[in-house]
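J.: prediction below, plus the sequence it came from.
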Amino acid sequence: MAATSSKGPVIVITGTPGTGKTTTSQLLAQESPVPLKHINVGDFVKENNLYEEYDEEWQSYLPDEDRLLDALEPIVAEGGVILDWHSCEAYPERWADLVVVLTCDHSKLWERLEKRNYPLKKIQENNEAEIMQTVLQEARDSYPPEIVVELQSETTDDMESNVSRIIQWIEAWQSNKGQAT
């Protein structure tokens, strides 16, 4: 079981870039029945200089995972956090109460990444990762199956439905947390 306080659960929202992690996380933080702090881990890495280098070819920062985890540990220990990142395997299993993997049809994903002006090579790699369900498999390999949920994230309706489902999970978590021994 995750070691969270009574403040709130730790929810990991992950998926291939372009699947709607940040928007879903922002909506969830706004609508949650318990206060949840949304941490966009990619921004957190940049803002706190928790990276080894900037990769020009991929136009992304390569995080220093040890320093990142050390910086996140006290925040996660308080509970009431949404961790929004394209990866989840670096987080200790004990951190997560729920791991949500957002998925999207690869052709829609391609269009979204093009709109972000990603380099073609980066679009291709992320599209292949989505087709191969790389992030979903990473989550399944890293966490107990009962806390990993795959949700389709292709439309605004999907996103709203996903947030509603997660809120229902939070409400159940709230009512069950007092019953834990």
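T.: Structure's in. What do you need?

J.: pLDDT weak spots in this structure?
T.: Counting by pLDDT under 70, the ranges of the chain that qualify are 1-6, 178-181.

J.: so which other helices or strands are in contact with the longest helix along the chain?
T.: Ranked by residue count and defined by DSSP state H, the top helix of the chain is helix 156-177. Contacts defined by 3 or more CB pairs under 8 Å, 6 or more residues apart in numbering; DSSP states H and E place helix 156-177 against helix 21-31, strand 98-103, strand 148-152. Where you see a C-beta, it was placed from the backbone N, CA and C, and this is true even at glycine.

J.: which strands and helices sit next to the shortest one?
T.: Okay, so that is strand 148-152. strand 98-103, helix 134-142, helix 156-177.

J.: distance of the nearest residue to residue 85 once chain neighbours are set aside from residue 113?
T.: Among residues not flanking residue 85 along the chain, residue 41 sits closest, at 3.6 Å (CB to CB, 6 or more residues apart in numbering). Distance, residue 41 to residue 113, by CB to CB, to the nearest Å: 19 Å.

J.: and what of residue 128?
T.: The value you get for residue 128 to residue 113, if CB to CB is used, is 12 Å.

J.: who's more crowded, those two?
T.: residue 113 (22 against 12; other CB atoms under 10 Å).

J.: name the helix or strand for that one, please.
T.: Assessed by DSSP states H and E, residue 113 sits inside helix 106-115.

J.: does anything pack onto the helix or strand following that helix? Which helices or strands?
T.: Proceeding N to C from helix 106-115, the next assigned helix or strand is helix 120-131, under DSSP H and E. On a contact count with 3+ CB pairs under 8 Å, 6+ apart, helix 120-131 meets helix 106-115.

J.: the helix it packs on: which residues count as buried?
T.: Of all the residues in helix 106-115, those buried under the rule 16 or more other CB atoms under 10 Å are 106, 109, 110, 112, 113.

J.: check contacts around the fourth one.
T.: The contact partners of residue 112, by CB atoms under 8 Å, 6 or more residues apart in numbering, come to 18, 104.

J.: do that again at 7 Å, thanks
T.: When contacts are counted by CB atoms under 7 Å, 6 or more residues apart in numbering, residue 112 touches residue 18.
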